[in-house]
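Engineer: Next one to model:
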Amino acid sequence: MIRVLDIRGCSMITNEGLGWLVSGGLCDRLEKLVIAECDRITDHGVCLLQGLRCLKELSLADCGPRITDVCGMAIAKIKTLERLNLSWLINIMDITLIEVARNCENLVQIVITGCEDITGNGIRAFSKHN
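Structural biologist: Okay, the predicted model is just below:
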């Protein structure tokens, strides 16, 4: 039974592919998903990931400019997340970090390398995070 799926750099992966992933048998088992460098994915595809009920680790690193705070709001609804990588997502801003800090109580790691629009306000959101 697959619990980890790493499709990093698979440039042909689309929102439709993520939809199939979420609607299939992995939605109750998948704990780690790495879709880094899959630049055809957009906010819509990432929003679908809310259906992964056991997801603990998610990497969206370097998925391109079509990932924005809309995606961030969706990610913040995945309460099971423990590790999140948003590196090099240039359209992610403070509001994403604020919502993730507020809602993802199990989060122990967040990577925001290269997120140019993140300020101290976004970082400060984690000051009361356990």
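Engineer: show me what contacts the nearest residue to N121 once chain neighbours are set aside?
Structural biologist: Once flanking residues are discounted, N121 sits nearest to D94: 4.7 Å by CB to CB, 6 or more residues apart in numbering. (Glycine included, C-beta is placed from N, CA and C.) Shown in contact with D94 (CB atoms under 8 Å, 6 or more residues apart in numbering): D117, I118, T119, N121, G122, A125.
Engineer: Can you give me the pLDDT of D94?
Structural biologist: D94 carries a pLDDT value of 97.
Engineer: how close does L48 sit to I41?
Structural biologist: Distance, L48 to I41, by CB to CB, to the nearest Å: 10 Å.
Engineer: what residues are shared contacts of these two?
Structural biologist: The contact lists of L48 and I41 share N15, L18, where a contact means CB under 8 Å, 6+ apart.
Engineer: Have a look at these two and say which one is more surrounded.
Structural biologist: Using other CB atoms under 10 Å, the more surrounded residue of L48 and I41 is I41, with 23 against 19.
Engineer: unless I'm mixing things up, D117 is touching I90, no?
Structural biologist: Yes - judged on CB atoms under 8 Å, D117 makes contact with I90 at a distance of 7.2 Å.
Engineer: OK, contacts around L84?
Structural biologist: E57, L58, S59, I75, V100, C104, L107, Q109, I110, V111.
Engineer: Could you dump these into a markdown table with secondary structure added?
Structural biologist: Listed next are the contacts of L84 as a markdown table, based on DSSP: H, G, I helix; E, B strand; the rest coil:
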| residue | secondary structure |
| --- | --- |
| E57 | strand |
| L58 | strand |
| S59 | strand |
| I75 | helix |
| V100 | helix |
| C104 | coil |
| L107 | coil |
| Q109 | strand |
| I110 | strand |
| V111 | strand |
